[in-house]
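Make a model of this:
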Amino acid sequence: MNEQRMYIGPSIPGIVKYGTVFIGDLPGELTKKAAEIGSINNLVIPIDGITAAKKALSEPGSVENVSFSRIENYLKGEK
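Alright, predicted model coming up:
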(Lines give C-alpha, C1' and ligand atoms only; values in the text may rest on other atoms or scores of the structure.)
Protein backbone atom coordinates (compact mmCIF):
# COMPACT_ATOMS: atom_id res chain seq x y z
CA MET A 1 0.00 0.00 0.00
CA ASN A 2 1.33 3.42 -0.94
CA GLU A 3 1.22 5.85 1.94
CA GLN A 4 0.12 9.42 1.26
CA ARG A 5 2.35 12.10 2.73
CA MET A 6 2.30 15.89 2.56
CA TYR A 7 5.18 18.35 2.62
CA ILE A 8 4.49 21.18 5.08
CA GLY A 9 7.80 23.03 4.88
CA PRO A 10 8.67 26.20 2.98
CA SER A 11 8.48 25.96 -0.80
CA ILE A 12 11.82 25.09 -2.39
CA PRO A 13 11.88 26.55 -5.94
CA GLY A 14 11.98 23.88 -8.63
CA ILE A 15 11.75 21.05 -6.10
CA VAL A 16 8.65 21.15 -3.86
CA LYS A 17 5.87 23.48 -2.81
CA TYR A 18 4.16 23.71 0.57
CA GLY A 19 1.17 21.36 0.64
CA THR A 20 2.37 18.96 -2.07
CA VAL A 21 0.99 15.45 -1.52
CA PHE A 22 3.08 12.41 -2.39
CA ILE A 23 1.95 8.82 -2.86
CA GLY A 24 4.70 6.23 -2.48
CA ASP A 25 8.32 7.27 -3.01
CA LEU A 26 9.40 10.89 -2.97
CA PRO A 27 10.63 12.39 -6.27
CA GLY A 28 14.37 12.06 -6.91
CA GLU A 29 15.11 15.79 -6.71
CA LEU A 30 13.39 16.05 -3.33
CA THR A 31 15.21 12.96 -2.05
CA LYS A 32 18.56 14.52 -3.08
CA LYS A 33 17.69 17.83 -1.40
CA ALA A 34 16.55 15.98 1.74
CA ALA A 35 19.96 14.29 1.89
CA GLU A 36 21.48 17.80 1.85
CA ILE A 37 18.94 19.39 4.25
CA GLY A 38 17.89 16.69 6.71
CA SER A 39 15.12 18.89 8.13
CA ILE A 40 13.04 18.26 4.99
CA ASN A 41 12.37 14.72 6.19
CA ASN A 42 10.79 16.09 9.38
CA LEU A 43 8.22 17.97 7.29
CA VAL A 44 7.05 15.17 4.98
CA ILE A 45 4.13 14.05 7.13
CA PRO A 46 1.75 11.08 6.78
CA ILE A 47 -1.69 12.46 5.86
CA ASP A 48 -3.24 11.21 9.11
CA GLY A 49 -0.73 13.29 11.10
CA ILE A 50 -1.13 16.58 9.22
CA THR A 51 -3.39 18.33 11.73
CA ALA A 52 -1.02 17.72 14.65
CA ALA A 53 2.06 18.55 12.55
CA LYS A 54 0.59 21.86 11.33
CA LYS A 55 -0.23 22.77 14.93
CA ALA A 56 3.34 21.90 15.94
CA LEU A 57 4.71 24.25 13.25
CA SER A 58 3.59 27.20 15.38
CA GLU A 59 5.04 25.82 18.62
CA PRO A 60 8.51 27.31 19.25
CA GLY A 61 11.09 24.59 19.77
CA SER A 62 9.04 21.77 18.23
CA VAL A 63 10.78 19.54 15.69
CA GLU A 64 8.48 20.89 12.97
CA ASN A 65 9.03 24.54 13.90
CA VAL A 66 12.82 24.19 14.10
CA SER A 67 12.94 22.21 10.85
CA PHE A 68 10.85 24.85 9.02
CA SER A 69 13.22 27.59 10.25
CA ARG A 70 16.32 25.63 9.25
CA ILE A 71 14.99 25.16 5.71
CA GLU A 72 14.07 28.86 5.45
CA ASN A 73 17.54 29.85 6.64
CA TYR A 74 19.15 27.47 4.16
CA LEU A 75 17.12 28.96 1.32
CA LYS A 76 18.02 32.52 2.33
CA GLY A 77 21.69 31.57 2.23
CA GLU A 78 21.26 29.97 -1.19
CA LYS A 79 19.87 33.13 -2.82
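
who's in contact with the closest residue to residue 8 other than its chain neighbours?
Excluding the flanking residues, the one nearest residue 8 by C-beta to C-beta, 6 or more residues apart in numbering is residue 43, at 5.1 Å. Quick note: C-beta positions are derived from backbone N, CA and C, even for glycine. With contact taken as C-beta atoms under 8 Å, 6 or more residues apart in numbering, residue 43 is in contact with 7-9, 53, 64, 67-68, 71.

From those residues, list just the buried residues.
7-9, 53, 64, 67-68, 71 (16 or more other C-beta atoms under 10 Å).

Now the two most distant members of these.
The most widely separated members of those, counting by C-beta to C-beta, are 53 and 71 (14.3 Å).

Would you mark the buried spots in the longest helix seen in the chain?
The helix that spans the most residues within the chain, counting by DSSP state H, is helix 63-78. Residues of helix 63-78 classed as buried: 64, 67-68, 70-71, 74 (neighbour count, 16+ other C-beta under 10 Å).
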